[in-house]
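Engineer: have a look at this prediction, sequence included:
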Amino acid sequence: MPPFTSHAALQQRFADGLAAMLHAHHGLGVYILVLANAAYDARLWAQLAPALAERQAELAGRIAAALRAGQSLDEPEDDVLVFQKLRAIGLRHLAPLESRRTGPWELMFNPLRALRPPRISGQTFDGLLRPFDPAGFHFNKPFLAREVLWEDALAGKPARLLYNKFPFARLHGLLVPEPLRELPQMLTPELHGWAWHLCAHAGMRGLCLGYNSFGAGASVNHLHFQSFVQTDPLPVQNPRFVHNGGSAAYPLPCRRFTEPADAWIEIDRLHAQNTPYNLIYSKDCLHLVARVPQDSGKLSAQSRGFGWSEMAGAVTLF
């Protein structure tokens, strides 16, 4: 069954997959992924917290024993560092996400998100297009197979939906169209149309897709969108703002499109100018924010890691 036909079915599949993954895999990466997703949802947290506490004690003992014996750890260095930070915080000091609205803006307190490795999102911006690197991090790595939530044909293309290891949206996934083509993170007219069609014809209410270009928060050079469910409009979708027909100015240069061809003309113009941008696809609509590169001296240190969510007015705080 395609993943975006029913909100209830997606929610159940999401929860069941996390529980099954934690039961079947005993590595650091799975533990961190399940913990971060559980902390985003109070119901998941209540369901999975006992098993997570048990697994943390098991992992801590295994890692300590290996280090005392002078053995190397068969775990990615990023995961080891994140796990040690989690131990320093203490599981009992972690809690499910807290969020609130202040005016039109959404604030989300999520300390776990601060532990996310920067990968290439922290690199110097040198252009929107970088060749795909088979040796770099990408979504065809064998160890990521356990993090796949769903894989099959979707809107006429093979697609893979993975859990987001450090989520910042509801039912947050990484949607990779035609993963075996190994396309770089540079949007094409074909896949722009595919994303638009997917949101327009999804059977469930509130499906959105986010997209970060290079220089705008993209952290993996393998073409992908970020899927999430937004039952209430994002701040950028608020009718009070000028780009939505209202009178209030948005604090960023945002444009709203209701035709995919018109949106592509603007995206193509940004490509030609080598201008980073963020996209939020929703039903029959696209919001586009052009921005300065994330390494620009015009930005504060706190805002350099901003992606589509922050540009849409939903800001994660640590």
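Structural biologist: Structure received. Owing to the predicted nature of the structure, the values given are computational and were not obtained by experimental measurement.
Engineer: can we go C-alpha only for contacts and neighbour counts from here?
Structural biologist: Fine.
Engineer: so for the residue lying closest to P189 once chain neighbours are set aside, what's the pLDDT?
Structural biologist: Once its chain neighbours are removed from consideration, P189 has its nearest residue in W264; the separation is 6.7 Å (C-alpha to C-alpha, 6 or more residues apart in numbering). Model confidence at W264, given as pLDDT, is 98.
Engineer: is W264 located within a strand, as I assumed?
Structural biologist: No. Read with DSSP: H, G, I helix; E, B strand; the rest coil, W264 is helix and lies in no strand.
Engineer: next, count neighbours for it.
Structural biologist: 17 (other C-alpha atoms under 10 Å).
Engineer: equivalent analysis for the one 5 residues further on, please.
Structural biologist: Here the number of neighbours of R269 (other C-alpha under 10 Å) works out to 11.
Engineer: give the buried residues for stretch 17-26.
Structural biologist: Counting neighbours by 16 or more other C-alpha atoms under 10 Å, one finds that the buried residues in stretch 17-26 are G17, L18, A19, M21, L22.
Engineer: can I get that stretch in CSV, CA atoms only?
Structural biologist: Output for stretch 17-26, consisting of C-alpha atoms alone and laid out as CSV, is shown next (Å, rounded to 0.1, in the frame of the first residue of the first chain):
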residue,chain,number,x,y,z
GLY,A,17,8.4,0.2,12.1
LEU,A,18,10.2,1.9,14.9
ALA,A,19,9.3,-0.8,17.4
ALA,A,20,10.3,-3.5,15.0
MET,A,21,13.6,-1.8,14.2
LEU,A,22,14.5,-1.4,17.8
HIS,A,23,13.8,-5.1,18.5
ALA,A,24,15.7,-6.4,15.5
HIS,A,25,18.8,-4.2,15.4
HIS,A,26,21.1,-3.5,18.3
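Engineer: N164: what's it in contact with?
Structural biologist: Under the criterion of C-alpha atoms under 8 Å, 6 or more residues apart in numbering, the contact partners of N164 comprise L33, N37, H172, G173, L174.
Engineer: ignoring the adjacent residues along the chain, who's closest to it?
Structural biologist: G173 (5.0 Å).
Engineer: re earlier: out of the contacts of N164, which sit inside strands?
Structural biologist: Per DSSP state E, strands hold the following members of these: G173, L174.
Engineer: same list (the contacts of N164) but as a markdown table, adding neighbour count and pLDDT.
Structural biologist: Conversion of the contacts of N164 to a markdown table gives the following (neighbours: other C-alpha atoms under 10 Å; pLDDT from 0 to 100):
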| residue | neighbour count | pLDDT |
| --- | --- | --- |
| L33 | 19 | 96 |
| N37 | 28 | 95 |
| H172 | 23 | 97 |
| G173 | 25 | 97 |
| L174 | 22 | 98 |
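Engineer: and which of the contacts of N164 is nearest to L81?
Structural biologist: The shortest approach to L81 among the contacts of N164 belongs to L33, at 14.0 Å (C-alpha to C-alpha).
Engineer: any idea how far the closest one lies from E190?
Structural biologist: 31 Å (C-alpha to C-alpha, to the nearest Å).
Engineer: again with R62
Structural biologist: Relative to E190, R62 is positioned 48 Å away (criterion: C-alpha to C-alpha).
Engineer: so for these two, which residue has more residues nearby?
Structural biologist: In this comparison of R62 against E190, neighbours counted by other C-alpha under 10 Å, the higher total goes to R62 at 12 against 8.
Engineer: quick check: mean pLDDT of the host helix or strand of that one?
Structural biologist: In this assignment (DSSP states H and E), R62 forms part of helix 42-68. If you average the pLDDT over helix 42-68, you get 92.
Engineer: tell me what it is packed against?
Structural biologist: helix 28-38 (3 or more C-alpha pairs under 8 Å, 6 or more residues apart in numbering; DSSP states H and E).
Engineer: what helices and strands are in contact with the helix it packs on?
Structural biologist: Under the contact definition 3+ C-alpha pairs under 8 Å, 6+ apart, helix 28-38 sits against helix 7-24, helix 42-68, helix 77-89.
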